[in-house]
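coords please:
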Amino acid sequence: VARTVAASIGGTEQGTALVQSLTVGLAQLAPLFKHRPKVLLIGHDYPTLHAPFALPGFQRVVVAPEADGTISLHTVRNILERERPQLVAISEVQWLTGFRIDLFALTALCRAFGAWSLVDITQSWCAVPLDVQAAGIDIVGASAYKWPLAGFGNGFMHLSEAVRAELKEHNGVDPITMLN
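The predicted structure is shown next:
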């Protein structure tokens, strides 16, 4: 199943872990991110992305969406430049408005400022084509109850090779093995 999930997002089987949900996967991974404590989040994004970073040790920087529900990449860039977060957590498609972020532009910004991109694709997986490697997404995950029609209790996390190596170096554990 992990091979099929990885193929559906342009990822690798070795970077993919099957989890009960994005919520569970992030809750398990978040403690491993302590060496990257400053996190940029989007206001009104799905609560699953905010909750793990409410843990002690994280500093959250919240970007408000525009009045029309869009997310300005110009604003994101300015905040990346000013605040220097080490992680940007965002949904590809905003659950309240349907706004879809340009993942290629977002990940380019993240790379330019040395931040990891963490993308929730629950609202778009199997409805919008994605190649995580081409897009340069560091961490991507989803719950599978929406478009994959897999029901509750099914999800995945995919971590790039660089993220897996850094997490193993800082925490002494392979994150994919831990998630599985």
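
count the residues that sit near A67.
6 (other Cβ atoms under 10 Å). All C-beta atoms are positioned from the backbone trio N, CA, C, and that covers glycine.

ramachandran angles for it?
With angles defined as degrees, to the nearest 10, A67 sits at phi -60, psi -30.

where's the closest residue to D45 other than its chain neighbours relative to G98, distance?
Distances taken as Cβ to Cβ, 6 or more residues apart in numbering put S91 closest to D45, at 5.4 Å, once the chain neighbours are dropped. S91 sits 11 Å away from G98, going by Cβ to Cβ, to the nearest Å.

what does Y145 give?
18 Å.

sorry, back to before: what sits against the residue nearest to D45?
Listed by Cβ atoms under 8 Å, 6 or more residues apart in numbering, the contact partners of S91 are I42, D45, Y46, L49, I101, V119, D120, I121, T122, Q123.

quick one: which of these is nearest E166?
V119 (17.4 Å; Cβ to Cβ).

any regions of this structure where pLDDT drops low?
Residues of the chain meeting the criterion pLDDT under 70: 148-149.

now the strands for it?
16-19, 38-42, 59-63, 87-91, 116-120, 139-143, 155-159 (DSSP state E).

need the ones you listed in CSV with distance to P175, can you?
Conversion of these to CSV gives the following (distance: least, Cβ to Cβ, whole Å):
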stretch, distance to P175
strand 16-19, 8
strand 38-42, 17
strand 59-63, 22
strand 87-91, 14
strand 116-120, 13
strand 139-143, 9
strand 155-159, 6
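
hang on, the earlier thing: are any of the contacts of S91 buried, and which?
Buried by 16 or more other Cβ atoms under 10 Å: I42, D45, Y46, L49, I101, V119, D120, I121, T122, Q123, out of those.

report the distance from stretch 165-180 to the chain centre.
How far stretch 165-180 lies from its chain's middle: 17 Å, per Cα atoms, centre = their mean, to the nearest Å.

and the end-to-end length of it?
For stretch 165-180, the first-to-last residue distance is 17 Å (Cα to Cα, to the nearest Å).

repeat that for stretch 115-126.
Using Cα to Cα, the two ends of stretch 115-126 sit 26 Å apart.

likewise stretch 135-144?
End-to-end distance (Cα to Cα), stretch 135-144: 21 Å.

what do you get for stretch 103-122?
Rule used - Cα to Cα; the end-to-end distance of stretch 103-122 is 14 Å.

and it, which residues are buried?
Within stretch 103-122, the residues scored as buried using 16+ other Cβ under 10 Å are 103, 106-107, 109-110, 113, 115-122.

and for stretch 17-24?
A17, V19, S21, L22, T23, V24.

same deal with stretch 25-33?
G25, L26, A27, Q28, L29, A30, L32, F33.
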